[in-house]
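S.K.: no FASTA, just this:
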């Protein structure tokens, strides 16, 4: 199971772009990278998933370099409502999602 | 609305009580999960069911008893709990997790359990 490392916390301001990097040095060939967002007293919500290069959806972008040993979740122009905990998960076939402590993002006015 | 509904949203119970948490999904998923989230701690996986069969029991004490009568419903039966069992209990569902790429988890909003 690939171990992930991400910053415990980050601060930003409204309107800025936020990049949260996750390290996963022992990622396996068949592993995917998945990010979730969690607000207080709610369940996590799927944001984005990718295998290589770049993936973009209406919420975020996910950048994965060629060696796949890290990935960066990019949130464009954050607002106060983006204050949440963001989790990076790595796994492939038959993977049971295991959550770490995540990154607590606080967006300031 | 996440497609996964958990009831009740809040529950207070004494240590000698018996109660059950309910989870229901209408997303057509085949896998269902129970997670526990204590204050300031990461989510802890408790149980996993795939096609109604339990595939994972993460060393959970026997005072927690899961039940999955069909792919749409999941229960967590509670009895003789301890105060340290107070936490947010989250249910999730996904497609069959044995496929080639991870299937996104869809979580409910949880049951906030307080054991007195």
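M.R.: Arrived safely, thanks for sending. The structure presented is a predicted model; accordingly, all values stated were derived computationally and were not measured.
S.K.: what's residue 103 sitting at in phi/psi?
M.R.: Picking chain A for this. Note on residue A:103: backbone dihedrals following degrees, to the nearest 10 are phi -110, psi 120.
S.K.: my understanding was that it contacts residue A:7; is that so?
M.R.: Yes: contact criterion Cβ atoms under 8 Å: residue A:103 and residue A:7 qualify, at 5.2 Å. For every residue, glycine as well, the C-beta is placed using N, CA and C.
S.K.: who has more neighbours, the two?
M.R.: Using other Cβ atoms under 10 Å in any protein chain shown, the more surrounded residue of residue A:103 and residue A:7 is residue A:103, with 21 against 14.
S.K.: is the more buried one in a bridge, and if so with what?
M.R.: Residue A:103 has the following beta-bridge partners by DSSP bridges: residue A:86.
S.K.: contacting residues around it?
M.R.: A:6, A:7, A:8, A:9, A:10, A:20, A:85, A:86, A:87, A:88 (Cβ atoms under 8 Å, 6 or more residues apart in numbering or on different chains).
S.K.: the residue nearest to residue A:50 when sequence neighbours are not counted: neighbour count?
M.R.: Of all residues beyond its chain neighbours, the one nearest residue A:50 is residue A:62 (4.4 Å), with distances taken as Cβ to Cβ, 6 or more residues apart in numbering or on different chains. By the measure other Cβ under 10 Å, the count of residues near residue A:62 is 23.
S.K.: can you list the residues of chain A near chain B?
M.R.: Counting by Cβ under 8 Å from any Cβ of the partner chain, chain A comes close to chain B at A:30, A:32, A:34, A:36, A:41-46, A:49, A:51, A:89, A:91-102.
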